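In: what follows is a predicted structure for the sequence shown.
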Amino acid sequence: MDIQNISLVIVSLINLFWGLVILSQRPAQKPNIVFSVVVFSVVAWAFIIVVYRNVTQDEQALFFSRLLYVSAIFIPLFFLFFTFLFPHEKRFWNKLSIFFICLPAIIVFFLTLFTDLILVDVKVIVDGENIIIFGRWFFIYALYISGYFGWTLLNLFLGILKNSGVVRNQLIYIFVGLFASSNIAMTTNLFMPWFGNFDFNWFGQVSTVIWISFISFAIVRYHLMNIKVITTQIFAIIISSITLTDVFSAQSALDLVARLSIFLITAIFAVLLIILVLREVKRREQMEILTKDLQKVTKNLKKANNKLKRLEQAKLEFLSIASHQLRTPLTVIKGYVSMMLEGNFGPIPKLIKENLNKIYLANERLISLVESLLNISRIEAGRLEFDIKSTNLEEIIKSLITDFKVKAAKKNLKLIFLPEKDVPLALVDTQKTKEVITYLIDNAIKYTTQGDITLSLSQDNQSVVFSCQDTGRGISAPDLPSLFNRFVQKNKTATALTESTGLSLYFSKMVIENMGGRIWVESAGVNYGSKFSFSVPRADQSQVKKAKIKN
């Protein structure tokens, strides 16, 4: 037996081994069955050429040459079927589809085996490669083989594009291995003999070691065909069998005990190895299931999050449009009621004047609410512009305190301002900071029935801190965390008295945070007063430029 036949036998045994291994692992699954049939077809193709190369009579050579070419017919056919099943079975898979796919193979099979249209004769060459005389329809055979291999490679390539992760890597290795082997085999065993060169008509069978190598790597690296458990079982059986055989060659009773002990220890470790591999495979499968579930949940969460963002955007747009539309008629109402109260339309009775005054105050609260909604929608939509510059907070407070002292005096309250000396300038938007301070002082007066309200301004490291402390109703501990949320009043029991919108604190928080500061509240509990404070960045003495930021 020459080196070519030895190579063919070795490659055939390797193919046969993997075919049996794949078939024994989950034999009921269609991909495993079809792939095993592909491997067995390759094995038959390789064994037949060994016989063909050793015959000495022309008639026998013709018979085995026809068997050789017939066995090759089924390799691309079943590999094509495998691509219809792996990694996912195609929907059009039915009996009619199978029939039309197999029909060309059946026709080529009968033409090759029973007629002279494909193969005419064989001349046996001693110490050389036999010469085959092809029929006038051999091009049909060549077209079938190359066409079906091309179809198979196309299916694998499309599968690579459609899949990802481990499956994609498996398909890549199968594609590369098949592409290399099929092109070599068609060159050396199909086209070169067709043009009269028979020196390498055995090399195609040997080249199958290429795709076997790629598939073996995919088996080890990416667990193709769920092969890990069966490979471990085969390894354990081989090792245990070797140690068991060794027991029968013992020379003495002591030697027998030693060899038997080695066998038992090997068998125990083999069983433990199989158990560990089974656990690992099960854990891996569970992890894959959990990963898929997590990906599905993540996808659903992304969809839900996108939907919430769209709803939030729609809400902000609605608030903005509605507020704009409300502001104009409210301003008109305010103007006409104000003129009526001032007597521009003539004298009015006292009772009507009192009611008009109530309308005016209610309209003012509504205008304040609309303005708050507009500002909040602008901030949340990122459309409110901040004019950040060095600002003297002490001057802002002093400009507000005169009017608020009058308002506090009406409730017999004292309003005290206690600033520290040399408080530095702050980096803030002057107008918006003035609105926040106004809200805090106004709330303190609203929720305080007796005592005093103390305002303070101080420096804390790189921040300027403003505080407004009152002796009013106070805030219970459970209400403190949610106090700066939308539509939450400082004291729910006081709603009837103050008719607060519940937006001033939320707006204040957004303004302060957008300027890089922080706002908070402290209270010992109900009836113990409360202290609202905010801190904003201190302005460096060298910083005199006006900076605008958009959030």
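Out: Good, I have the coordinates.

In: could you list every helix and strand in contact with the helix or strand hosting Lys432?
Out: If you go by DSSP states H and E, Lys432 is part of helix 430-446. If you count contacts as 3 or more Cβ pairs under 8 Å, 6 or more residues apart in numbering; DSSP states H and E, helix 430-446 packs onto strand 385-391, helix 393-409, strand 452-460, strand 463-470, helix 504-514, strand 530-537. Just so you know, the C-beta spots here come from the backbone N, C-alpha and C atoms, and that holds for glycine as well.

In: for Ile98, find the nearest of those.
Out: Judged by Cβ to Cβ, the one of the helices and strands packed on helix 430-446 that comes nearest to Ile98 is helix 504-514, at 67.5 Å.

In: that closest one vs strand 530-537, what angle?
Out: 20 degrees (axes from the mean of the first three to the mean of the last three Cα atoms, to 10 degrees).

In: which parts of helix 504-514 are buried?
Out: 504-512, 514 (16 or more other Cβ atoms under 10 Å).

In: was I right to think Ile359 contacts Lys334?
Out: No - counting by Cβ atoms under 8 Å, Ile359 stays clear of Lys334, with 9.5 Å between them.

In: overlap in contacts of those two?
Out: Contact criterion Cβ atoms under 8 Å, 6 or more residues apart in numbering; residues shared by Ile359 and Lys334: none found.

In: what ranges does the protein have for its strands?
Out: 119-123, 131-134, 385-391, 414-419, 426-429, 452-460, 463-470, 518-522, 530-537, 547-550 (DSSP state E).

In: so what touches the second one?
Out: Strand 131-134 is touched from outside by 65, 118-123, 125, 193-194, 198, with contacts defined as Cβ under 8 Å, 6+ apart.

In: one more: the fifth one?
Out: The list of residues contacting strand 426-429 from outside it, by Cβ under 8 Å, 6+ apart, reads 386-393, 433, 464, 511, 515-517, 536-539, 543.

In: and Leu16, how far from Phe40?
Out: Using Cβ to Cβ, to the nearest Å, Leu16 is found at 8 Å from Phe40.

In: do Asn306 as well
Out: Separation of Asn306 from Phe40 (Cβ to Cβ): 52 Å.

In: who has more neighbours out of the two?
Out: Taking neighbours as other Cβ atoms under 10 Å, Asn306 and Phe40 compare with Phe40 leading, 18 against 10.

In: quick one: which of the strands of the chain is nearest Asp403?
Out: Proximity of the strands of the chain to Asp403 was assessed by Cβ to Cβ; the nearest stretch is strand 414-419, lying at 10.1 Å.

In: that closest one versus helix 393-409: what angle between them?
Out: Here strand 414-419 runs at an angle of 170 degrees relative to helix 393-409 (the same axes, to 10 degrees).

In: buried residues in strand 414-419?
Out: Those buried within strand 414-419 under the rule 16+ other Cβ under 10 Å are 415, 417.

In: now stretch 428-435
Out: For stretch 428-435, burial by neighbour count (16+ other Cβ under 10 Å) applies to 428-430, 432-435.

In: columns pLDDT on top of these, output as JSON lines?
Out: Below are these laid out as JSON lines (pLDDT from 0 to 100):
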{"residue": "Val428", "pLDDT": "94"}
{"residue": "Asp429", "pLDDT": "92"}
{"residue": "Thr430", "pLDDT": "91"}
{"residue": "Lys432", "pLDDT": "90"}
{"residue": "Thr433", "pLDDT": "93"}
{"residue": "Lys434", "pLDDT": "92"}
{"residue": "Glu435", "pLDDT": "88"}
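
In: which one among those gets closest to Met339?
Out: Looking across those and measuring by Cβ to Cβ, the closest to Met339 is Glu435, at 27.5 Å.

In: the nearest residue to that closest one once chain neighbours are set aside: what's it in contact with?
Out: Closest residue to Glu435 apart from its sequence neighbours, by Cβ to Cβ, 6 or more residues apart in numbering: Val511 at 7.3 Å. Shown in contact with Val511 (Cβ under 8 Å, 6+ apart): 379, 429, 432-433, 435-436.

In: if we can go back for a sec, out of the strands of the chain, which is the most enclosed?
Out: When those are scored by mean count of other Cβ atoms under 10 Å, the highest mean neighbour count falls to strand 426-429 (a mean of 24).

In: pull the distance from that one to the chain's centre.
Out: Distance of strand 426-429 from its chain centroid, counting by Cα atoms, centre = their mean, to the nearest Å, is 42 Å.

In: repeat for stretch 142-161
Out: Averaging C-alpha positions (Cα atoms, centre = their mean) puts stretch 142-161 32 Å from its chain's average.

In: tell me which residues in it are buried?
Out: Of the residues in stretch 142-161, 142, 144-146, 148-149, 151-153, 155-156, 159-160 count as buried by neighbour count, 16+ other Cβ under 10 Å.

In: could you provide those residues in JSON lines, with additional columns for distance to Pro31 and pLDDT?
Out: What follows is the buried residues of stretch 142-161, written out as JSON lines (distance: Cβ to Cβ, whole Å; pLDDT from 0 to 100):
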{"residue": "Ala142", "distance to Pro31": "29", "pLDDT": "93"}
{"residue": "Tyr144", "distance to Pro31": "24", "pLDDT": "94"}
{"residue": "Ile145", "distance to Pro31": "23", "pLDDT": "93"}
{"residue": "Ser146", "distance to Pro31": "25", "pLDDT": "93"}
{"residue": "Tyr148", "distance to Pro31": "18", "pLDDT": "93"}
{"residue": "Phe149", "distance to Pro31": "19", "pLDDT": "92"}
{"residue": "Trp151", "distance to Pro31": "18", "pLDDT": "93"}
{"residue": "Thr152", "distance to Pro31": "14", "pLDDT": "91"}
{"residue": "Leu153", "distance to Pro31": "17", "pLDDT": "92"}
{"residue": "Asn155", "distance to Pro31": "13", "pLDDT": "89"}
{"residue": "Leu156", "distance to Pro31": "13", "pLDDT": "89"}
{"residue": "Gly159", "distance to Pro31": "12", "pLDDT": "87"}
{"residue": "Ile160", "distance to Pro31": "16", "pLDDT": "88"}
